[in-house]
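*Asks:* the following block contains a protein sequence and its predicted model.
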Amino acid sequence: MRTGIIFKLVMLQSLAVSCLGQDFDFFYFVLQWPGAYCDSRQSCCYPKTGKPSSDFSIHGLWPNYNDGSYPSNCDPDSQFHKSEVEDLLNKMAEKWPSLACPSSDGVRFWEHEWVKHGTCSESELDQHDYFDAALKLKDKANLLQFLKSAGINPDDGFYSLKEIKNAIEEGTGFSPGIECNKDPSRNSQLYQIYLCVDTSATTFIECPILPQGRCAPEIQFPKF
Ligand code: AMP
Ligand code: AMP
């Protein structure tokens with residue numbers, strides 16, 4: 001009798017997951033160097049609260065498949081509700097700032113990230129837990145400190161891609177994906193760092209697959 005009920009519950013749960021199509025293999029936790037975002041667009045707009053600190057900021061926490069593809073926009077019925085993350089808003093403004101123009105308070109950026117990516121991990125994390133998990137991961141991975149310890153500073157200097165990867169691997173224990181973009185003089189520069197995280201969004205893991213980074217062997221680390 002009991003096993004019958006448990007069996008039904010398990011079936012119901014897997015049915016719910018497959019109906020919502022929210023299965024995925026791991027997360028990319030993507031951190032961004034704000035100086036490179038601003039350089040590549042030759043413009044960006046600081047949040048209404050002022051210039052973000054000179055540190056990596058969060059771009060997103062993206063559910064991914066092991067083959068490199070990814071789900072997106074998984075639940076049209078789930079909108080971003082500021083009220084669900086009220087207690088996190090100060091930290092989000094600090095660590096997950098929007099640099100898009102015109103100046104904003106970040107809500108549009110968070111809304112975009114929730115709707116496109118967050119809704120695809122709803123089987124694991126509700127909206128509050130999703131944003132909370134990203135903030136906690138940011139605290140765990142102090143990338144700027146790892147780079148500085150290796151003598152790699154945001155000073156417009158050029159550093160070898162290998163040196164950058166090694167410094168982050170040394171600090172986090174896992175080898176990262178590095179994405180570059182171009183500054184106005186067409187220099188390849190450090191734009192985003194991809195770390196991989198397990199499906200509970202708490203533990204860094206070795207990346208099952210890394211994104212194409214489009215980096216030159218020597219890349220610029222722009223000032224911000
Ligand atoms: P987004 O913030 O989702 O608009 O994504 C920014 C860029 O990252 C997009 O242009 C995509 O090409 C890429 N991207 C977004 N999600 C993923 C993902 N899960 N895996 C790999 N690349 C992604
Ligand atoms: P990209 O990675 O340049 O393909 O950007 C993908 C999308 O995310 C674009 O719509 C960007 O404008 C947006 N985006 C990326 N980083 C930020 C940021 N720091 N603030 C606001 N929007 C961003």
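*Replies:* Looks like it arrived, so ask away. Ligands and ions are numbered 1, 2, ... in the order given.
*Asks:* how close does residue 31 get to residue 91?
*Replies:* Distance of residue 31 to residue 91, computed by CB to CB, to the nearest Å: 15 Å. (C-beta placed from N, C-alpha, C; glycine too.)
*Asks:* correction: the previous question concerned residue 186.
*Replies:* 36 Å.
*Asks:* neighbour count winner among those two?
*Replies:* Using other CB atoms under 10 Å, the more surrounded residue of residue 186 and residue 91 is residue 91, with 17 against 7.
*Asks:* contacts for the helix or strand containing that one?
*Replies:* Assigned by DSSP states H and E, residue 91 belongs to helix 89-95. For helix 89-95, contacts defined as CB atoms under 8 Å, 6 or more residues apart in numbering pick out 47, 49, 52-53, 57-58, 82, 85, 105-106, 110, 131, 135, 138.
*Asks:* check these for burial and list the buried ones.
*Replies:* 47, 52, 57, 58, 85, 105, 106, 110, 131, 135, 138 (16 or more other CB atoms under 10 Å).
*Asks:* out of these, which comes closest to residue 194?
*Replies:* residue 58 (12.1 Å; CB to CB).
*Asks:* in the protein, where is pLDDT below threshold?
*Replies:* 1-22 (pLDDT under 70).
*Asks:* repeat that with 50
*Replies:* Within the chain, the segments meeting pLDDT under 50 span 5-7, 9-22.
*Asks:* near ligand 2 at all, the strand ranked longest in it?
*Replies:* Criterion DSSP state E: the longest strand present in the chain is strand 188-197. No. Interface with ligand 2: strand 188-197 contributes nothing (CB under 6 Å from any ligand atom), its closest point being 6.9 Å away.
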